[in-house]
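Chemist: need a structure here:
(chains A and B)
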Amino acid sequence: MQEQAQVQASELKVSARRAMNRRTTWVWAGRAILAVIVIGGWQWFTTAGWVDKFFFGQPSEIWNSLVDLFTKGTAFGTIWENLWVTMQEAIYGFALGTLVGVVLGILLGSNKYLSEVVGPYIRIVNSIPRIVLGSIFIVAFGLGVFPKVLLAAVLVFFVVFFNAFQGVREVDQNLVGNVRVLGASPLQVAIHVTIPSAMTWIIASLHTAFGFAIIGALVAEVLGAQQGIGLIISQAQGTFDPNTVFACMVIIAVITLGAEYLIALLERTLLKWRPPNRSEAQTI
Amino acid sequence: MNAIHANRPPGAFERAEIAAGIDIVGLTKRYLTPKHETFTAIRDVTLRVEPGEFCAIVGPTGCGKSTTLAQVSGLERPSAGSVSVHDQIVDGITEGVSYMFQADALFPWKTVLGNVLIGPVLLGTPKKEATLLARDWLRRVGLAGFEDRYPHQLSGGMRKRVAMAAALINNPRILLMDEPFGALDVQTKAIMQNELLQLWEELRPSVLFITHDLDEAVALADKVVIMTSSPGTIKDVFHIDLPRPRGDVQKIRHEERFLELQGQIWESLKDEVTRAYKQSAGAAA
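Modeler: Purely as a prediction, here's the structure:
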């Protein structure tokens, strides 16, 4: 009897695994087909001449420019040098913006007086199209790395700040009351309750924030730079070379996906206490 | 206070060294509503809880029971009147108090052990000692082996046990409980009530226990206080002369004296509940 049950259980397991494998295969097949349709269609339409490849580029040409970028380099040094410059700007900007955003968010979130005083100004600055600040930074600080870091940081700051602020506001007041009764000082309340509680919100904002850091760095480079992916893009734009622009987009997309993956790893380690299926919505 | 807790070896559970009496005199609390009107939550509440007494507060919804607890804990300041604990007027956070809420106020990002550990750690107990103490308390509430789980991995009853261990680990002089078992199903509730009684008999802190459940109040408490509907004030005080230890709360419900007391208290409470209902219905209409 028992053996029979065991056999049945193992059969069930095998068939369940088979069903799951089949599903995975289908999903990947669907993805591949979608890619073939989009890229193949693009190639076909431009080859047939229905769409002008002079303006809209062509996948095969984009591939060639990619190869060129990596083998021949650019007018401003190798692609690696340029990529490194852009990455530096984005990463420093990301770090700076996140740091300031988290600190100010938590500070203003936990201090009502401060938030009432500073609040309107933050809203005013937030309503300015921040890309314009890029021009000011470049005029003020020149064509180096610093103004790019600054623009990236400004873009990152607001995303992180508002999330940290909201996170602090959402802290369970029962928890705060509980530790205060147990004798916690304001600093201990922050360490044990406010910061861990806001962490969920802050980490969620980092996904978007890194994208903004890249945007900030690129836009600032387009506005004026000596090196960087943004400069290559603006140069290619000047010479009517959409293929190189697309090639740069591909490079940036790969980098951003990589960063996204790292942030997801960080999220998993920091928020391992959360019930598992909460972040299901983020799989897309 | 710290000295008392810090050097107590785990496993040695004396009764709360100085179970503190609570004196509430003429306590009034007014709040400013967002519309800038004053709302009186409680008015002229006077109540004495003897050291080591288990006092239940029953009253219609929104009658200021929780407000009363907040004044005792020192989380809020009274608008008039005073609260004294152990003959000292409460001014700031009262020492030696533990709180237990209806919603389990556990840290979702801390493990079960971390949640229980926080009490002694905040008092400055070294981490190692605190861990030993916390493990011992988890064993006492029947959660040995669950130390590394996170709260979301536990059932509602188990979370309550964690909250109970966390509330009692510091050996509080006063235990404030705000409908702690309100959200539990009937069976779990009975089990938790029995466990609470057992732990209370051992430690004997003074307890202020808010509940909507009359049976619960009579089964657990030495004294049941009825509050009027808003603004809350004390209407009646009933002394529950059922013998201690009470034993199984499920069984005591059928005893004659229990039913008698329960009937008396319900008579007193009934009017208030009806009045509160009419008030809220009137406001809604």
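
Chemist: can I take it that residue B:208 is in a strand?
Modeler: Yes: assessed with DSSP: H, G, I helix; E, B strand; the rest coil, residue B:208 lies in a strand.

Chemist: in contact with residue B:257, which residues?
Modeler: B:241, B:242 (CB atoms under 8 Å, 6 or more residues apart in numbering or on different chains). From N, CA and C alone the C-beta is placed, and that goes for glycine too.

Chemist: quickly find the element holding it.
Modeler: helix B:256-284 (DSSP states H and E).

Chemist: mind listing what's buried along that helix?
Modeler: B:258, B:261, B:262, B:265, B:269, B:272, B:273, B:276 (16 or more other CB atoms under 10 Å in any protein chain shown).

Chemist: neighbours of the closest residue to chain B within the stretch 1-150 of chain A, how many?
Modeler: Chain B sits closest to residue A:112 of the stretch 1-150 of chain A, with a gap of 14.3 Å, by CB to the nearest CB. By other CB atoms under 10 Å in any protein chain shown, the residues close to residue A:112 number 9.

Chemist: quick check, pLDDT for it.
Modeler: With respect to pLDDT, residue A:112 scores 86.

Chemist: number of nearby residues for residue 183?
Modeler: I went with chain A, as the question did not name one. Count around residue A:183 with other CB under 10 Å applied: 19.

Chemist: please go with chain B instead
Modeler: 14.

Chemist: assign the nearest residue to it once chain neighbours are set aside to helix, strand or coil.
Modeler: Distances taken as CB to CB, 6 or more residues apart in numbering or on different chains put residue B:102 closest to residue B:183, at 5.8 Å, once the chain neighbours are dropped. Judged by three-state DSSP, the three-state class of residue B:102 is coil.

Chemist: pull the contacting residues for residue B:102.
Modeler: Residue B:102 touches B:178, B:179, B:180, B:182, B:183, counting by CB under 8 Å, 6+ apart.

Chemist: try it again with 6 Å
Modeler: Contacts for residue B:102 were tallied using CB atoms under 6 Å, 6 or more residues apart in numbering or on different chains; they are B:178, B:179, B:182, B:183.

Chemist: give me the buried entries from these.
Modeler: B:178, B:179.

Chemist: in a markdown table, list the contacts of residue B:102 along with pLDDT.
Modeler: Supplementary listing: the contacts of residue B:102 in a markdown table, determined by pLDDT from 0 to 100:
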| residue | pLDDT |
| --- | --- |
| B:178 | 89 |
| B:179 | 88 |
| B:182 | 83 |
| B:183 | 80 |
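
Chemist: ok, the contacts of residue B:102 vs residue A:225, which is closest?
Modeler: Closest approach to residue A:225 among the contacts of residue B:102 (CB to CB): residue B:183, at 59.3 Å.

Chemist: any idea which helix or strand carries that closest one?
Modeler: Using DSSP H and E, no helix or strand contains residue B:183.

Chemist: flag the shaky bits of chain B, pLDDT-wise.
Modeler: Within chain B, the stretches with pLDDT under 70 are B:1-18, B:282-285.

Chemist: please identify the helix or strand for the residue nearest the centre of it.
Modeler: In chain B, the residue lying closest to the centroid (CA atoms, centre = their mean) is residue B:177, at 1.6 Å. When elements are assigned from DSSP H and E, residue B:177 belongs to strand B:174-178.

Chemist: from the contact counts, what lies against that strand?
Modeler: helix B:65-73, strand B:97-100, strand B:206-211 (3 or more CB pairs under 6 Å, 6 or more residues apart in numbering or on different chains; DSSP states H and E).

Chemist: of all these, which one is nearest residue B:218?
Modeler: That would be strand B:206-211 among these, by CB to CB, at 10.1 Å.

Chemist: for stretch B:198-207, buried residues please.
Modeler: In stretch B:198-207, counting by 16+ other CB under 10 Å, buried: B:199, B:200, B:203, B:204, B:205, B:206, B:207.

Chemist: now tabulate those residues in TSV and tack on distance to residue A:108.
Modeler: Shown next, in TSV, are the buried residues of stretch B:198-207 (distance: CB to CB, whole Å):
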residue	distance to residue A:108
B:199	42
B:200	43
B:203	42
B:204	45
B:205	39
B:206	40
B:207	39
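
Chemist: can you tell me which of the buried residues of helix B:256-284 is nearest chain A?
Modeler: residue B:276 (24.0 Å).

Chemist: circling back: any chance of the helices and strands packed on strand B:174-178 in JSON lines, plus distance to chain A?
Modeler: Formatted as JSON lines, the helices and strands packed on strand B:174-178 follow (distance: least, CB to the nearest CB, whole Å):
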{"stretch": "helix B:65-73", "distance to chain A": "5"}
{"stretch": "strand B:97-100", "distance to chain A": "5"}
{"stretch": "strand B:206-211", "distance to chain A": "13"}
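
Chemist: nearest to residue B:84, of these?
Modeler: Across the helices and strands packed on strand B:174-178, residue B:84 has its closest neighbour in helix B:65-73 (9.9 Å, CB to CB).

Chemist: does anything pack onto that closest one? Which helices or strands?
Modeler: By 3+ CB pairs under 6 Å, 6+ apart, helix B:65-73 packs against strand B:38-49, strand B:174-178.

Chemist: spatially nearest residue to residue 96 (excluding sequence neighbours)?
Modeler: Unless you meant another one, I'm taking chain A. residue A:153 (4.0 Å).

Chemist: please go with chain B instead
Modeler: Counting by CB to CB, 6+ apart, the residue nearest residue B:96 is residue B:173, at 3.8 Å.

Chemist: could you find the closest non-adjacent residue to residue 91?
Modeler: With no chain named, the answer covers chain A. residue A:213 is the one closest to residue A:91 (CB to CB, 6+ apart), at 7.3 Å.

Chemist: to clarify, I was referring to chain B.
Modeler: residue B:74 (7.4 Å).
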